[in-house]
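K.L.:
next comes the sequence, and after it the predicted model I'd like to discuss.
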Amino acid sequence: MYKGIMKKKNIYFDELSSTKFFNPIEEKRIKVLKTLKSDHRSTVKLIELNGKTYVYKIPTEKNTRKWQRFLSIFRGGESQREFLCLEKILKNGIDTAKPYFACETKKFGMVVDSYLVMEYIDGREGNIDNIEIICDTLEKIHSKGFIHGDSQLSNFIISNGFCYIIDARFKKSIFGKFAQAYEFIYLETSCGQSIKKYYKRHGIYHIVARLVDYYLIFWGKVRAFVKSLLRGEKFKKSEDLEPKESILQKIKSKFKRNRDFEKYSSEINNENQEENQ
């Protein structure tokens, strides 16, 4: 990766010709072919420049959150770090998108805006039919002493018989075989079915990783429940819920006998009268 400055903005590029992206993007002269993703976390678009197709990614959440901006003083912006990560993946012989150009806007030493331009891989998300090559790719990553970091099925792209990884953190595996076992469990969960015949299970490592997975699932449900309480979703007023007419219809379909329906209908009517009073 090379570094430079253009119009008071920090730029990062793989070769000098990659700086061609700067002016068209800054002047909004790029042709957007398709929006691949757009949510609170990031915006990813398929763009065309000089007849070639590229991926243009804006890490919206990391650009705007105050804490992330503060951290960027010490570790750099998200686009720069992803650029370096992609280079590291390629250097270790793993297939991924080639990074071309990244740009950061800084204020008071903090990155307040950034984007990344990288290669477009014309392929499709991995599925259970490609699980063997996906597991082989994950094994290859582990053999290099790294972990993918987000080994769900959708983060493996199949193109022309090759498996490319995307959205990978690609960090050193400080927890060794425990982390590697967990990555296969996480992949298996995203598949929705067993894939045990496609990867090796290492006894105690797999057992501990499975227990960690159960714990994380449980903890995730607890956090979701607590957040719903804090947002007041468990205490919504009746007028914010489903209309009374639809509730009556459901009760009527559930209880076929008129006597049961009249009983529950009467109870709901009484509740309505009490609320109106």
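P.N.:
Received the coordinates, thanks. Numbers count the residues shown, from 1 in each chain.

K.L.:
tabulate the CA atom coordinates of stretch 99-111 in CSV.
P.N.:
What follows is stretch 99-111, C-alpha atoms only, in CSV (Å, rounded to 0.1, in the frame of the first residue of the first chain):
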residue,chain,number,x,y,z
PRO,A,99,-8.0,-3.2,-3.0
TYR,A,100,-7.3,-0.3,-5.4
PHE,A,101,-7.9,2.9,-3.6
ALA,A,102,-9.0,4.3,-0.2
CYS,A,103,-9.5,7.9,0.9
GLU,A,104,-9.9,9.5,4.4
THR,A,105,-11.1,12.9,5.5
LYS,A,106,-9.7,13.9,8.9
LYS,A,107,-10.7,16.5,11.4
PHE,A,108,-8.7,17.1,14.6
GLY,A,109,-6.8,13.9,13.8
MET,A,110,-10.0,11.8,13.6
VAL,A,111,-11.3,10.2,10.5
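
K.L.:
can you give me the buried ones in that stretch?
P.N.:
99-106, 110-111 (16 or more other CB atoms under 10 Å). The way it works is simple: take the backbone N, C-alpha and C, and place the C-beta from them, glycine included.

K.L.:
which one of the residues you listed is nearest to residue 168?
P.N.:
residue 99 (12.7 Å; CB to CB).

K.L.:
how about the contacts made by that closest one?
P.N.:
Contact analysis of residue 99 by CB atoms under 8 Å, 6 or more residues apart in numbering lists 1, 14, 82-83, 86-87, 116-119.

K.L.:
same thing but at 10 Å, please
P.N.:
Going by CB atoms under 10 Å, 6 or more residues apart in numbering, residue 99 touches 1, 12-14, 18, 55, 79-80, 82-87, 89-90, 116-119.

K.L.:
those, buried ones only, as a ChimeraX selection?
P.N.:
A single ChimeraX command selects the buried members of the contacts of residue 99 (16+ other CB under 10 Å):
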select :12,13,14,18,55,79,80,82,83,84,85,86,87,89,116,117,118,119
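
K.L.:
among the buried residues of stretch 99-111, which ones are in strands?
P.N.:
99-106, 110-111 (DSSP state E).

K.L.:
what's the farthest-apart pair in those residues?
P.N.:
Between any two of these, the greatest separation by CB to CB is 24.7 Å, found for 100 and 110.

K.L.:
with just CA atoms, put stretch 189-199 into CSV.
P.N.:
Presented in CSV, the C-alpha positions along stretch 189-199 are these (Å, rounded to 0.1, in the frame of the first residue of the first chain):
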residue,chain,number,x,y,z
THR,A,189,-24.9,-22.8,12.0
SER,A,190,-25.2,-20.5,9.0
CYS,A,191,-25.6,-23.6,6.8
GLY,A,192,-28.6,-24.7,8.8
GLN,A,193,-27.4,-28.3,8.7
SER,A,194,-24.6,-30.6,9.7
ILE,A,195,-21.3,-30.3,7.7
LYS,A,196,-19.2,-32.4,10.1
LYS,A,197,-18.0,-34.7,7.3
TYR,A,198,-16.3,-31.8,5.6
TYR,A,199,-14.0,-30.7,8.4
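
K.L.:
tell me the buried residues in it?
P.N.:
Within stretch 189-199, the residues that qualify as buried are 190-191, 195, 198-199, counting by 16+ other CB under 10 Å.

K.L.:
contacts for that stretch next, please.
P.N.:
126-128, 131-136, 138-139, 142, 150-156, 180-181, 183-185, 187-188, 206, 213, 217.

K.L.:
residue 149 reaches residue 170, doesn't it?
P.N.:
Yes - with contacts counted by CB atoms under 10 Å, residue 149 reaches residue 170, the gap being 6.3 Å.

K.L.:
between those two, which is the more surrounded one?
P.N.:
residue 170 (20 against 17; other CB atoms under 10 Å).

K.L.:
so who does that one touch?
P.N.:
Contacts of residue 170 by CB under 10 Å, 6+ apart are 84-86, 88-89, 92, 94, 96, 141, 144, 146-150.
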